[in-house]
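>>> Need coordinates for the below:
(one chain, ligands or ions: 1)
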Amino acid sequence: MLNIKLEKRLGDVCLKVDASLPLKGVTAVFGLSGAGKSSLINMLAGLVTPDSGSIALGQEWLFNSEQGINLAVEKRRTGYVFQDARLFPHYKVRGNLNYGNKDKDPVHFDRIVALLGLESLLERYPATLSGGEKQRVAMGRALLSRPRLLLLDEPLASLDAPRKRELLPYLQALAEHLAIPIIYVSHSLDEILQLADRLLVLERGQQVACGPLQQVWDSQALRPWVEAPAQGSLLLAEIGEVHPEYNMTRLRLGDNAELWVSGRLTNVGDSVRVRVHSQQVSVCLQRPEGSSIRNILAVTLAEIRQQDEDRVRLKLALAGTHLWANITPWARDELGLTVGQTLFAQIKGLSIGAEDIAPAHLLKRFS
Ligand SMILES: Nc1ncnc2c1ncn2[C@@H]1O[C@H](COP(=O)(O)OP(=O)(O)OP(=O)(O)O)[C@@H](O)[C@H]1O
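As a prediction, this is how the structure comes out:
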């Protein structure tokens, strides 16, 4: 495990983290600006010294205040990728990749180049690369030093939306193939959904949650920062078949429940996690007939929570998990909802697209 137990005063903020992370997989660190995300990974890298605590990577102490251990940056063997790629403009991509890399193993070099799709870029200068390509080179350089821990500080933050979409599959490939812990700082839940299998949430330096993504997503920890339209449930599903006539795919949820989503997912049998926006879920007392809505699921009302003046959140038990629906207080009163009753949840097929579906290989492996 990567065991982190740290305290550090940073001006008005006291950063306090106590987390135990697996030695594989992506842990996203989420929090508002100033929450302490960068300070945390700077402490893991050895760039900032904690006031007290310890960091153990497997059997080795990187830092232990009681034992007086504080491994130097270069001895920690962490790879660090910043928001901007920080490449040397006068070196070609090949030179940038090899910079500071004493290990000249060509097999390792080729593997990293292939993983990040850098083959055709090797003889180009950074000035000729897109923002996404530069970040791929920065990741390659970090990985060529064979790090034991990879730290990514909002690597997509400086990119526009198309470049972000272009880089995501490479990050997903890293998450799948690297057998080291990856700490990914982000304040984008979309990115976190696509990449992370664990989530650590910081609020003004305090760790308010740390655990498997689905668990933290479902807890109250994220609620204060997620605007109502972005609220949603994360469900685990298995890809079923593509519709023979329409551009839609069936996902299997368990207990014979299924969900039709937009688009064609052809990896039948693969596990995915799927986000269902709470605003896109409505409920009926009887199974509706003649509806345009493709997904009508029998659910049990598990909880009714008044979120604010305008919104009531319903927790709906379904196939061993649950789904959240946002409705108005008026609808709650008119339907006379009570906990324990059977309802029919309706979810538009069009409301779940590619950006809501992410591979769940890591989640499956570590759960
Ligand atoms: N050396 C320092 N001395 C005093 N205060 C500091 C120091 N370093 C960081 N801080 C403060 O600690 C808090 C956390 O900073 P940090 O950069 O870690 O936050 P962050 O979550 O990464 O924010 P952002 O998303 O804006 O990058 C901020 O209020 C910052 O001003």
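>>> Any idea how many residues pack against D356?
21 (other CB atoms under 10 Å). (Glycine included, C-beta is placed from N, CA and C.)
>>> what's near enough to touch it?
Shown in contact with D356 (CB atoms under 8 Å, 6 or more residues apart in numbering): L193, G232, V261, V274, R275, V276, H277.
>>> Just the pLDDT at it, thanks.
Per-residue pLDDT puts D356 at 91.
>>> what ranges do the helices span in the stretch 251-367 of the chain?
Secondary structure of the stretch 251-367 of the chain (DSSP state H, counting those that start in this stretch): helices at 329-335, 361-366.
>>> rank those helices by pLDDT, which is bottom?
Ranked by mean pLDDT, those bottom out at helix 361-366, which scores a mean of 42.
>>> ok, and the closest non-adjacent residue to L71?
Leaving aside its chain neighbours, L71 sits nearest to L62 (4.9 Å; criterion: CB to CB, 6 or more residues apart in numbering).
>>> Please name the residues that touch that neighbour.
Taking CB under 8 Å, 6+ apart, one finds L44, G46, I55, A56, I69, L71, R76 in contact with L62.
>>> Among these, find me the one that's closest to the ligand.
Nearest to the ligand among these, counting by CB to the nearest ligand atom, is L44 at 12.1 Å.
>>> Isn't the closest one up against I183?
Yes. Using CB atoms under 8 Å, L44 is in contact with I183, at 6.6 Å.
>>> quick one, which of the two is more surrounded?
More crowded of L44 and I183, by other CB under 10 Å: I183, with 27 against 24.
>>> What confidence value was assigned to the more buried one?
97.
>>> repeat for the one 10 residues further on
Here the pLDDT value assigned to L193 is 89.
>>> What about N267, how many residues nearby?
11.
>>> Return the distance of it relative to L118.
Noted for N267: a distance of 25 Å to L118, by CB to CB, to the nearest Å.
>>> got it, and L47?
26 Å.
>>> now do F30
Distance from F30 to L118, by CB to CB: 29 Å.
>>> what do you get for N70?
35 Å.
>>> what does this protein put close to the ligand?
Contact residues (CB under 6 Å from any ligand atom) of the chain with the ligand: L10, G11, V13, G31, S33, G34, A35, G36, K37, S38, S39.
>>> if we go to 5 Å?
With CB under 5 Å from any ligand atom as the criterion, the chain meets the ligand at residues L10, G11, V13, S33, G34, A35, G36, K37, S38, S39.
>>> Closest to R124 out of the residues you listed?
The shortest approach to R124 among these belongs to S38, at 29.9 Å (CB to CB).
>>> Any idea what the residue nearest to that closest one when sequence neighbours are not counted is bridged to?
Closest residue to S38 apart from its sequence neighbours, by CB to CB, 6+ apart: D153 at 5.7 Å. Note on D153: beta-bridge partners by DSSP bridges are V185.
>>> Let me see the contact set for D153.
K37, S38, I41, Y80, V81, F82, Q83, V185.
>>> Out of those, which sit inside helices?
Members of the contacts of D153 lying in helices (criterion: DSSP state H): K37, S38, I41.
>>> Which one (most neighbours) among those?
Within the ones in helices among the contacts of D153, most neighbours by other CB under 10 Å means K37, with 25 neighbours.
>>> looking at it, that one is touching V185, isn't it?
Yes. K37 lies in contact with V185 (CB under 8 Å); the separation is 4.5 Å.
>>> between those two, what contacts are shared?
V29, D153.
>>> That'll do, ta.
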